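Here is the input, now give the coordinates:
(one chain, ligands or ions: 1)
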Amino acid sequence: MLPFRLCAFLVLGLSPAVHAALDITDRFHILLDETTDKDQKKANGNCGWLGKANFNAIWNECFTLAETGIKLVDDFHSKPEASRLLNAFFKNGDDPLTDNNLALIRGTFEAVRDWVEKGGRYNYGESVEKPYLYCFHTWLEKKTMQDLAWDTEGRNLMEENPAGDGFVATIEDVADYREAQKNQEEQLREAGVKNPKVVPYWVKQQGVYIFDQYYGKDKGYCTSTGSGAATQHVTPASTITLCPTSLGTTNGALSNKRVVKLRSPGLTPKRRDATQVGDQQLNKLYPTSITLFHELFHLVLGNEETVPDGGEVYDLDEMLKLDWDKASQNPETYANVAVAYDYTIHSGEKNGWKVEFYTGYTTQG
Ligand SMILES: [Zn+2]
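Take a look at the predicted model:
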């Protein structure tokens, strides 16, 4: 009997912690070239400058955060710290969240967790081709409307004139591309960009064009102020672009990276009565993985389901004011409660009190 009991004990005791490490290359096309060549580091959206090991650590943290989000919902009725946190970030008016509210939050975390673990369809079930993950905008090759148009194989595209004669077309000659340029201009105008200039970008891995803003000579999405990360579903396989500033570089210089781990020992939340209030805010404790985790909601559920009316909210204080409709569609809200609850679970207890973030900063005792 003894060996059997021992064995059963071991299995029960160890199984929750022994989740096989996930490899990001199973889910994404990702270039992880750890070259030291300054120009090559940034080429083709390379992620290798962050280090393969760092990237996989971030990837595994995304899984942990999704699982923590699910646990948070499951603890709602049994643990006051779970209900305080959820009721603060996802509000159902002045009432506690209903079972329907909870089911939606849980389902959202679950969709992300399942995709990270098993892959399959994403973008609300509409996409199936393995997506791309980039760590700079250099996967996009900037073109002008006057450049020759290429087909999916990168060969010159032929068009026909009214007389039926074939000619080598420029991008501007192709009606669909003119239309795409106009649509993108319209969208940017609606988003508040004045006189937007839209240019074609060639995506060589997929043999298609994307139309986006012109950010300036030798510049791109990641060099524009305020750009952190983006997920798009226009190309056959969707893409996530993480900019260096959202991957722990303080000034965008790739040599200046600082990956902050989840539950980083240097970032232990302080007690409510500690003097430095600034360091106690949840947004000072974000792990580097929070950005990729956030983008996964856009990837898995699609951008339509994950952008609330009036746009996404990233500011912690503003997030805490969102009503149910907006909060439940705001990826950063999910990301914040997952990070917060991870700290609550792992920061220990003092006199029966845990570290909590339902106010946006640490409270304890
Ligand atoms: Zn977002």
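
okay, now F28: neighbour count?
22 (other C-beta atoms under 10 Å). In short, each C-beta sits where N, CA and C put it, glycine included.

Now it. Nearest residue, chain neighbours left out?
Spatial nearest neighbour of F28, chain neighbours left out: L133 (3.9 Å); criterion: C-beta to C-beta, 6 or more residues apart in numbering.

now for whichever helix or strand the one you found is part of, which elements pack on it?
Secondary structure from DSSP states H and E places L133 in strand 132-134. Using 3 or more C-beta pairs under 8 Å, 6 or more residues apart in numbering; DSSP states H and E, the elements in contact with strand 132-134 are strand 29-30, strand 239-242.

Just checking the distance from the helix or strand following that strand to the centre of its chain.
Later in the chain than strand 132-134, the nearest helix or strand by DSSP H and E is strand 141-142. Computed by C-alpha atoms, centre = their mean, to the nearest Å, the chain-centroid distance of strand 141-142 equals 23 Å.

Can we start the residue count at 699 from this point?
All right, first residue 699 from here; so that's strand 839-840.

hang on, the earlier thing: run through the residues that contact the residue nearest to F726.
By C-beta atoms under 8 Å, 6 or more residues apart in numbering, the contact list for L831 reads I722, F726, H727, I728, C745, T937, I938, L940, L990.

Put the alpha carbons of the helix or strand harbouring A786 into CSV.
Assigned by DSSP H and E, A786 falls within helix 778-787. Presented in CSV, the C-alpha positions along helix 778-787 are these (Å, rounded to 0.1, in the frame of the first residue of the first chain):
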residue,chain,number,x,y,z
PRO,A,778,-13.6,38.1,-1.0
GLU,A,779,-10.4,39.3,-2.6
ALA,A,780,-11.5,37.8,-5.9
SER,A,781,-14.9,39.5,-5.8
ARG,A,782,-13.5,42.8,-4.7
LEU,A,783,-11.1,42.9,-7.7
LEU,A,784,-13.6,41.8,-10.3
ASN,A,785,-16.3,44.1,-9.1
ALA,A,786,-13.9,47.0,-9.2
PHE,A,787,-12.6,46.5,-12.7
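
Each with direction, which strands does the strand holding L831 pair with?
Here strand 830-832 is paired, per DSSP bridges, with strand 727-728 (parallel), strand 937-940 (parallel).

any chance you could map the helices in this protein?
Assigned by DSSP state H, the helices in the chain fall at 700-712, 736-740, 750-772, 778-787, 797-816, 873-888, 988-999, 1014-1017, 1022-1025, 1029-1044.

Distance to the ion and mean neighbour count added to the ones you listed, as a markdown table?
Formatted as a markdown table, the helices of the chain follow (distance: least, C-beta to the ion, whole Å; neighbours: other C-beta atoms under 10 Å):
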| stretch | distance to the ion | mean neighbour count |
| --- | --- | --- |
| helix 700-712 | 37 | 9 |
| helix 736-740 | 23 | 13 |
| helix 750-772 | 14 | 21 |
| helix 778-787 | 16 | 20 |
| helix 797-816 | 13 | 17 |
| helix 873-888 | 16 | 14 |
| helix 988-999 | 6 | 25 |
| helix 1014-1017 | 12 | 16 |
| helix 1022-1025 | 13 | 18 |
| helix 1029-1044 | 5 | 24 |
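
for the ion, what are the nearby residues on the stretch 899-1048 of the chain?
Taking C-beta under 5 Å from the ion as the contact definition, the stretch 899-1048 of the chain meets the ion at E1010, P1029.

if you set the cut-off to 6 Å instead, what comes out?
Residues of the stretch 899-1048 of the chain lying close to the ion by C-beta under 6 Å from the ion are H992, H996, E1010, P1029.

which residues does the second one contact?
Translated: H996. By C-beta under 8 Å, 6+ apart, the neighbours of H996 are T929, I938, T1004, V1005, P1029.

repeat that for 10 Å
Neighbouring residues of H996 by C-beta atoms under 10 Å, 6 or more residues apart in numbering: 820-821, 927-931, 936, 938, 1002-1005, 1010, 1029.

Pull the contacting residues for the residue nearest the centre of the chain.
Centroid-nearest residue in the chain, with C-alpha atoms, centre = their mean: E993, separated by 1.7 Å. E993 makes contact with 760, 831, 926-929, 937-940, 944, 1004, 1029, 1033 under the criterion C-beta under 10 Å, 6+ apart.
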